[in-house]
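Asks: dropping a prediction and its sequence here:
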Amino acid sequence: MSTSFFEFYCPVKVVAGFKALEHLPFELRTLGVRRPLLVTDRGVREAGLCAPVEEALESAGLPAPPIFDAVPPDSSTRVVAEAARVYRERGCDGLLAVGGGSVIDTSKAVNVLVSEGGDDIRAYSGTSVLTGRLRPLFVLPTTSGTGSEVTNVLVLVDADAGVKLPFVSQFLLPDVAVLDPRMTLRLPPQLTAATAMDAMTHAIEAFICLSKNPLSDAYATAAIRRIADHLLPVLRTPSDAQGRLELSLAATMAGIAFSNSMVGLVHALGHSVGAVARVPHGVCMNVLLPFALEFNLPARREAIGELLLPLGGPDVYARTPAERRAETTIARLRALRDELHAHTGLPRTLGETRQVRRDQLPEIARLSVDDGALLMNPLDVDVDQALTLLERAF
Amino acid sequence: MKIGYGVQRVYVATLLGLLGELLEAASTTDPALRAELRGFPEGTVIGLSVLGGPAPLRVRKVGDRLVRLERDDPAVCDLELVFKHVTHAFLVLTFQEGTARAYARSRLVLHGDPALAMRFVRCLNRLEGVVLPRFVARRALKSLPRLPWTEKVAVAARVYGRVAAQALRFAPEGAR
Ligand SMILES: [Fe+2]
């Protein structure tokens, strides 16, 4: 008998599609929440994305929610403490995140403080530190990438030490994720492309890393197919609401996949590039993905080859001999990146980001080998190998 | 032949003790391990335990080496690897399942800082790579170490290898 074993957990209620937003009042009532703190950032608010949420709540007889809109792109322990203070002052009884990864992670962290107590979120960092269920958390993503609405992780910057603090716990999983195409309709082209490639990377890494399992595989391949089918059409026709929804679903599915089987080398390197050179996460993923796949090829030829089916479609898959499928998968990803670069200017190399200097690569390599994401990578990676890979991606 | 939980418990207790000895010895003699340890904050306490199992193994970083803690030492772990059941600890400590593989299969939970966990897992991998015959190591590890090993550790390693090998003889067929 095989010795394989896996676990799979996703208790998040996904509420998705046409007029999804108007389901929110019902979902709040179901979990007994009357006064959620709406957490967002100024960009989202100025883009007019909070107004429809407020209207949907008020029209259903709920009071206007207090709003905290001071979340920066890289949220920190200080921001979390500040938002928790507002939550307590205003007597809130749940959280409503409207935004991208940083807003969602901030909301998860605020939820830890207001549920477990205290003002210093650092006390809860690390894996499996939380001890019980948190307050209800509702998430409305305004990007289609991080998958944070269905993951058990969050990352914050320690405002004093300047380092990133990871938190992992099943209690960080939100209660409800609302996917409404209106929330992502005006996402700018390059951000649409970068966040979609983050989701693509989540799905691919979930599919090739050590924790892969039959259930996460199903979510991962479904996510890849949606991104392959809809990303370029959405960039050509940004008002394509159905295509936008498909990308949101893809990000959520990829999130479910990697929350259950974790990510690998692309993320280990990408976290470090982000930390050292402040390159946005989705851009890092897009840049590093093919190079890291080539590195993992000797250990994962078959799995990478299987990805040609969702990525290239049945005709391409059937036409390609089995022994060429892995290389063809990587070639198709490169071709997709070229198109994204042509449409939106999304960088394909570390050099093209114009944010990374060659002399920063050794430091990035050193940080990468201590990144927890490497634990589930199919191959071990030492500092020299990481550096060679980074040089290649420069 | 099926090996009962009671026997597994005894083996796990023995192997945890030997692993502690091995870590302590290696931290004074193996250059690769010592280099890794330099990245640990002074006084870091790391634990390896089994839910409902025998007494946990705890080591503390003192200077540039690892020292085992007494059973009644009140120190709190900065990083703790907890196996969910004695049978999972048995699989890992007899190298039927590597540490990364076991984590991928949720056999254990990590309490603490993931970066510290990465470093400690590298220490364990280093040990396994040296202790084990290559054909076993190949199954337990993603890659094999390149450096030779020093004599003092080799003695402890042989002891460990012998106990682990004996445990394996009783391991269920399907798990081998
Ligand atoms: Fe990501």
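Replies: That came through, no problem. Numbers count the residues shown, from 1 in each chain, chains lettered A, B, ... in the order given.

Asks: ok now the helix or strand of chain A with the lowest mean pLDDT, how far from the chain's centre?
Replies: Of all helical and strand segments in chain A, the minimum by mean pLDDT, DSSP states H and E falls on strand A:126-127, at a mean of 84. Remark: strand A:126-127 is offset 18 Å from the chain centroid, using CA atoms, centre = their mean, to the nearest Å.

Asks: same deal with stretch A:149-165?
Replies: For stretch A:149-165, the distance to the chain centre is 13 Å (CA atoms, centre = their mean).

Asks: how about that stretch, does it reach chain B?
Replies: No. Stretch A:149-165 is not in contact with chain B by CB under 8 Å from any CB of the partner chain; minimum separation 8.8 Å. To be clear about C-beta, it is placed using only N, CA and C from the backbone, and glycine gets the same treatment.

Asks: who touches that stretch?
Replies: Among residues not part of stretch A:149-165, those counted as contacts by CB atoms under 8 Å, 6 or more residues apart in numbering or on different chains are A:9-10, A:12, A:14, A:74-80, A:104-106, A:108-109, A:121-122, A:125, A:139, A:141, A:148, A:166-174, A:177, A:179, A:252, A:255-256, A:258-259, A:271, A:275.

Asks: ok, now stretch B:68-78?
Replies: B:20-21, B:23-24, B:41, B:44-47, B:55, B:57-60, B:111-113, B:116.

Asks: report the mean confidence score over it.
Replies: Mean per-residue pLDDT for stretch B:68-78: 92.

Asks: one more: stretch A:273-286?
Replies: The average pLDDT for stretch A:273-286 rounds to 94.

Asks: what pairs with the following helix or strand past the least confident helix or strand of chain A, and is each one parallel or antiparallel?
Replies: The helix or strand immediately downstream of strand A:126-127 is strand A:137-141, counting by DSSP states H and E. Sheet pairing for strand A:137-141, assigned by DSSP bridges, gives strand A:94-99 (parallel), strand A:176-179 (parallel).

Asks: may I see those organised as JSON lines, with mean neighbour count and mean pLDDT added?
Replies: Formatted as JSON lines, the strands paired with strand A:137-141 follow (neighbours: other CB atoms under 10 Å in any protein chain shown; pLDDT from 0 to 100):
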{"stretch": "strand A:94-99", "mean neighbour count": "27", "mean pLDDT": "98"}
{"stretch": "strand A:176-179", "mean neighbour count": "25", "mean pLDDT": "98"}
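
Asks: that older thread, helices and strands around the least confident helix or strand of chain A, which ones?
Replies: Strand A:126-127 sits against strand A:164-168, strand B:108-112, helix B:114-131, with contacts defined as 3 or more CB pairs under 8 Å, 6 or more residues apart in numbering or on different chains; DSSP states H and E.

Asks: close to chain A: what parts of chain B are there?
Replies: Residues of chain B lying near chain A (CB under 8 Å from any CB): B:39, B:96-97, B:100-101, B:103-107, B:109-115, B:117-119, B:121, B:125, B:141-143, B:174-175.

Asks: any stretches of the chain with poor pLDDT?
Replies: All of this is about chain A. Low-confidence segments of chain A (pLDDT under 70): A:1.

Asks: not quite, go with chain B.
Replies: Applying pLDDT under 70 to chain B flags the ranges B:1, B:133, B:145-156, B:170-176.

Asks: residues contacting the helix ranked longest in it, please?
Replies: Assignment by DSSP state H gives helix B:5-29 as the longest helix of chain B. Defining contact as CB under 8 Å, 6+ apart, one finds that helix B:5-29 is touched by B:33-34, B:37, B:48, B:50, B:53-57, B:59, B:64-68, B:86-87, B:89-90, B:93-94, B:123, B:126-127, B:130-131, B:150, B:152-153, B:156-157, B:159-160, B:163-164, B:167, B:170.

Asks: from the residues you listed, which land in strands?
Replies: B:48, B:50, B:57, B:59, B:65-68 (DSSP state E).

Asks: distance to residue A:311 and neighbour count for the residues you listed - can I get that in TSV?
Replies: Shown next, in TSV, are those (distance: CB to CB, whole Å; neighbours: other CB atoms under 10 Å in any protein chain shown):
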residue	distance to residue A:311	neighbour count
B:48	41	24
B:50	43	26
B:57	45	22
B:59	46	23
B:65	50	18
B:66	46	24
B:67	52	15
B:68	51	16
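
Asks: and the helix or strand residue A:284 falls within, what does it pack onto?
Replies: When secondary structure is defined by DSSP H and E, residue A:284 falls within helix A:281-306. Helix A:281-306 sits against helix A:189-208, helix A:265-277, helix A:325-344, helix A:383-393, with contacts defined as 3+ CB pairs under 8 Å, 6+ apart.

Asks: in JSON lines, list the helices and strands packed on strand A:126-127 along with distance to residue A:38 and mean neighbour count.
Replies: Below are these laid out as JSON lines (distance: least, CB to CB, whole Å; neighbours: other CB atoms under 10 Å in any protein chain shown):
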{"stretch": "strand A:164-168", "distance to residue A:38": "22", "mean neighbour count": "21"}
{"stretch": "strand B:108-112", "distance to residue A:38": "33", "mean neighbour count": "19"}
{"stretch": "helix B:114-131", "distance to residue A:38": "31", "mean neighbour count": "21"}
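
Asks: so which of the helices and strands packed on helix A:281-306 is the most packed in?
Replies: Comparing the helices and strands packed on helix A:281-306 by mean neighbour count (mean count of other CB atoms under 10 Å in any protein chain shown), helix A:189-208 ranks first with a mean of 28.

Asks: by proximity to chain A, which residue of chain B wins?
Replies: Scanning chain B for proximity to chain A using CB to the nearest CB identifies residue B:114 as nearest, at 3.1 Å.

Asks: just to check, that residue is in contact with residue A:166?
Replies: Yes. Contact criterion CB atoms under 8 Å: residue B:114 and residue A:166 qualify, at 5.5 Å.

Asks: can you check which residues contact both of these two?
Replies: A:126-127, A:372.

Asks: quick check, nearest of those residues to chain B?
Replies: Comparing the shared contacts of residue B:114 and residue A:166 against chain B with CB to the nearest CB picks out residue A:372 as the nearest, at 3.1 Å.

Asks: so who does the closest one touch?
Replies: By CB under 8 Å, 6+ apart, the contact list for residue A:372 reads A:166, A:268, B:114-115, B:117-118.

Asks: could you dump the residues you listed to CSV with distance to residue A:314?
Replies: Listed next are the contacts of residue A:372 as CSV, based on distance: CB to CB, whole Å:
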residue, distance to residue A:314
A:166, 39
A:268, 33
B:114, 39
B:115, 43
B:117, 42
B:118, 40
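
Asks: which pair of these spans the longest distance?
Replies: A:268 and B:117 (13.3 Å; CB to CB).

Asks: ok so residue A:359 is a helix residue?
Replies: Yes. Counting by DSSP: H, G, I helix; E, B strand; the rest coil, residue A:359 falls inside a helix.
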